[in-house]
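Trainee: need a 3D model of the following:
(chains A and B)
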Protein chains: 2
Amino acid sequence: MENMKTIAVIESCDTKFKEAKFISDFIKNEGLNALVINTATGPAPSYNYDISREEIAESYGTPWKEMEPKSKGEKIDYMKDAVAAYVVKLYEEGKIDGIISVGGLQNTVMAANAMQKLPIGFPKVMATTVASGTRKFDLVVGDKDITVMPAICDFTGLNIVTRQVISNACACCVGMVKCAGQVLTKGDKPVVAVTLMGVTNTGAVAAVEELEKMGLEVIGFHATGVGGATMEDMAANGLVDGILDLTLHELTSEYFGGGFSYGPKAKIRLVESVEKKVPLVISLGGLDFVDFSTSELPDRMDERKYMLHNANTAHIKILPEEAEALGKILAERLSKVTYPVKLLIPTKGMRHNTLEGQELYEPKSDSVLIQTIIENVNDNVEVIVIPHNLDTPEFGVKAAHYIVDEMKKQGKLPQNFGEN
Amino acid sequence: MENMKTIAVIESCDTKFKEAKFISDFIKNEGLNALVINTATGPAPSYNYDISREEIAESYGTPWKEMEPKSKGEKIDYMKDAVAAYVVKLYEEGKIDGIISVGGLQNTVMAANAMQKLPIGFPKVMATTVASGTRKFDLVVGDKDITVMPAICDFTGLNIVTRQVISNACACCVGMVKCAGQVLTKGDKPVVAVTLMGVTNTGAVAAVEELEKMGLEVIGFHATGVGGATMEDMAANGLVDGILDLTLHELTSEYFGGGFSYGPKAKIRLVESVEKKVPLVISLGGLDFVDFSTSELPDRMDERKYMLHNANTAHIKILPEEAEALGKILAERLSKVTYPVKLLIPTKGMRHNTLEGQELYEPKSDSVLIQTIIENVNDNVEVIVIPHNLDTPEFGVKAAHYIVDEMKKQGKLPQNFGEN
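Mentor: Sure, this is the predicted structure:
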């Protein structure tokens, strides 16, 4: 029993006590422990749990009897934080090896919030009614690897559908706990993160391949709203040794405050990695355009160059005054750099389709953007001009060697790395 | 070897051949067979597959060499259908017990389309870069129970993150195949489907509990854009014996052509079940309002009663002329009914917050809606007036007994069912 692995089960055991028992039985039947954590906040009695809401509330500082008279919203908010803290503590003490929950919107928000606090790789399964239609992924997964099982029908009790869905969700969690589910840690190889998107893919993939050829571990992040922030978080957690931030498109979306690549966490771009002093080479991929659904285009479209990326999405070149504002924003963010970093300037366009004669060729915006950046960056930023389009193998290969040089200089790679 | 279970692996083996081998090795290491199906459509060579794209293309009627000269879009569209047909055939012949794929947008669209053709309960796992940010669930899961694993980073190759994510995705699929993963079939108990949503929950749950108390298996469907259509599909597949369709809100969203509860499959509401002649009791839950994000409200808001359901969503009462149009739409849909069904009319409101003095109390719209329906339904529809609000236990319990009566009349329950 000592070494038996344990799965935490987050459930609102006033309305979902039958489901809680079903999950618990399934897990035990597979030879693992189940630890049912009750998150019910309503007045009805709860059943079939191992950890009471009273214990959760108390452990977070406020006894449940003090929460009891408060509003429904206050109770839910408090329990949301309290459960997350409780689960993180269980994880840190090595007492749980996986986590699962099934439920509707309210339970999903409660359980997913706790799961999002656990590290990448740790088994987390959310069976939820939210996983359908026009609901968005970030409501459930945030920026974590939460396994989502669509509920198909409501969790109004155990029936032919819910039994199948819950069994499959349990089997996912049990499977991960038994034969995968390792928490993400750094291996022996140095790790380089590279940002990319469709329109910078050729350049970025050339960089990735060059770095892999040199024996580095490379992680690509799609910088279209979530990937860049995920990379910053991994940098903050010491999981990357160098960053080749070729694609800064998320800053443009942040400046426009919307569009396809907008994400609220763009505010940590070039912040967490810089605070952690991760060796850094930056370029301007996708900084020169914004992508919007054709149903919500920005104003002044008559002045703009644009192209349809697909039937629903337009890629729109920024105007010179927007380029100037954006250049200042980037320079401001880089002003916090306290160690040597490199900024690579492509002279023939910052993405695909920007060569002379192509749809998004607009040298005025490009030159204003570049000029503004160069004039405003601080002395720790070494500016290097590369006479190619960013989305070319030539650019990518050069960029790969620049980040390797930075990593050598900052002691992340041996001085003779890459030499035969 | 004969009885070893097999997991199909859908992969574009020109760019993802390393991932294909990693998945295949993981599955085999767990004592199962892997069958790698290549879906690559580009010119680069493919590796590490068991079923070639040539075999897939040929099996669907057109040899690959005839597809080769066509456009990228045409090739992808053809392979999407061809792979789905191939996978369905493998399933029907009992040759696969699970399916998995990892990839970016294009591969996700290709693989998820095939997975959506497989029945509920069958293990299906999609590890995808799409599962993040503002991307919507239906792009991946459709109306099926596809297990989604967020990719965290791009699949540019094998690295510390992708190995963990792919291992966990494989472990989910292996876990389901080994210890769950039963395809949904009807059990011994008769099954009743009930439609509900937040604002009809009290009435609907009372009905659910009454039906369960009588020994029936009850499945609740959230009728807010996807659930109603899922129920219709299950009815078409013979998985339900009776329908208590208390919540028709999706028809209102369909009439408005948008909003929170809009789903394109609303067009099959009251169609597939009626064609299948499933015993049916209908009511008007949520037919009297539409829900929109506060950022995209319909016109004529100054004439409308409305309330905030939460910070982002407004519940808006329909106007009398909209009620008339909607009444005709419902009557038209019910005009196809060729067997006896019942329509329950609540006289004190069709949802929560519609009693006199409450936010959405608007008797004019209600009476126009009810009058229009009554005047236009065909003779197979028996109209029964219930002097309660729909969202009450009284209404729900009565409704439960009406559907039991219908099921008895149509031979789905023994005549003495429910008698002591």
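Trainee: count the residues that sit near A:Asp379.
Mentor: Using other Cβ atoms under 10 Å in any protein chain shown, A:Asp379 has 7 neighbouring residues. C-beta here means a position set from N, CA and C on the backbone, and glycine is covered the same way.
Trainee: gap between it and A:Ser335?
Mentor: To A:Ser335, A:Asp379 is 10 Å away according to Cβ to Cβ, to the nearest Å.
Trainee: between the two ends of stretch A:282-298, how far is it?
Mentor: Stretch A:282-298 stretches 28 Å from its first residue to its last (Cα to Cα, to the nearest Å).
Trainee: meant to ask about stretch A:136-147
Mentor: 14 Å.
Trainee: quick check: residues of the stretch 201-350 of chain A near chain B?
Mentor: A:205, A:208, A:212, A:217-222, A:224-227, A:230-231, A:234, A:239, A:260, A:262-263 (Cβ under 8 Å from any Cβ of the partner chain).
Trainee: A:Ala8: what secondary structure?
Mentor: Three-state call for A:Ala8 (DSSP: H, G, I helix; E, B strand; the rest coil): strand.
Trainee: same question, A:Ile100
Mentor: Going by three-state DSSP: A:Ile100 is strand.
Trainee: and the pLDDT for it?
Mentor: pLDDT recorded at A:Ile100 is 98.
Trainee: which regions of chain A lie under the pLDDT threshold?
Mentor: The model of chain A has pLDDT under 70 over residues A:1-2, A:420.
Trainee: can you give me the buried ones in stretch A:373-380?
Mentor: A:Ile373, A:Asn376, A:Val377 (16 or more other Cβ atoms under 10 Å in any protein chain shown).
Trainee: again, but for stretch A:21-28
Mentor: A:Lys21, A:Phe22, A:Ile23, A:Ser24, A:Phe26, A:Ile27.
Trainee: mind listing which of those are in helices?
Mentor: A:Lys21, A:Phe22, A:Ile23, A:Ser24, A:Phe26, A:Ile27 (DSSP state H).
Trainee: for A:Glu54, what is the enclosing helix or strand?
Mentor: helix A:53-59 (DSSP states H and E).
Trainee: residues contacting whichever residue of the stretch 201-350 of chain A sits closest to chain B?
Mentor: For the stretch 201-350 of chain A, the residue closest to chain B is A:Gly220, as judged by Cβ to the nearest Cβ, at 3.6 Å. For A:Gly220, the contact set (Cβ atoms under 8 Å, 6 or more residues apart in numbering or on different chains) comprises A:Ala193, A:Val194, A:Thr195, A:Leu196, A:Ala204, A:Val205, A:Val208, B:Cys153, B:Asp154, B:Phe155, B:Thr156, B:Gly157.
Trainee: SS state for it?
Mentor: Note that with three-state DSSP, the state of A:Gly220 is strand.
Trainee: what's the burial count for the closest residue to chain B within chain A?
Mentor: For chain A, the residue closest to chain B is A:Gly175, as judged by Cβ to the nearest Cβ, at 2.0 Å. Under the neighbour criterion other Cβ under 10 Å, A:Gly175 is assigned a count of 31.
Trainee: what about it, distance to B:Cys179?
Mentor: Separation of A:Gly175 from B:Cys179 (Cβ to Cβ): 8 Å.
Trainee: equivalent analysis for A:Gly133, please.
Mentor: A:Gly133 is 30 Å from B:Cys179, by Cβ to Cβ.
Trainee: neighbour count winner among these two?
Mentor: Each of A:Gly133 and B:Cys179 has its neighbours counted (other Cβ under 10 Å); A:Gly133 has more, 24 against 17.
Trainee: which helix or which strand is home to the more buried one?
Mentor: Counting by DSSP H and E, A:Gly133 is part of no helix or strand.
Trainee: if I read this right, it contacts B:Asp138, doesn't it?
Mentor: Yes. Here A:Gly133 lies in contact with B:Asp138, judged by Cβ atoms under 8 Å, at a distance of 5.2 Å.
Trainee: now do the shared contacts for the two.
Mentor: B:Val226.
Trainee: run through the strands of the stretch 201-350 of chain A in chain order.
Mentor: A:217-222, A:242-247, A:280-285, A:289-293, A:306-308, A:313-317, A:341-346 (DSSP state E, counting those that start in this stretch).
Trainee: from those strands, which stretch is densest packed?
Mentor: strand A:242-247 (a mean of 30; mean count of other Cβ atoms under 10 Å in any protein chain shown).
Trainee: adjacent strands (with direction) for it?
Mentor: Its sheet considered, strand A:242-247 pairs with strand A:191-196 (parallel), strand A:280-285 (parallel) by DSSP bridges.
Trainee: of all those strands, which lies closest to A:Val368?
Mentor: strand A:280-285 (12.4 Å; Cβ to Cβ).
Trainee: not counting its own residues, what contacts the closest one?
Mentor: By Cβ under 8 Å, 6+ apart, strand A:280-285 touches A:195-197, A:199-200, A:203-204, A:223, A:242-249, A:270, A:273-274, A:334, A:337, A:341-346, A:350-351, A:369-370, A:373, A:390-391, A:395, A:399, A:402-403, A:406.
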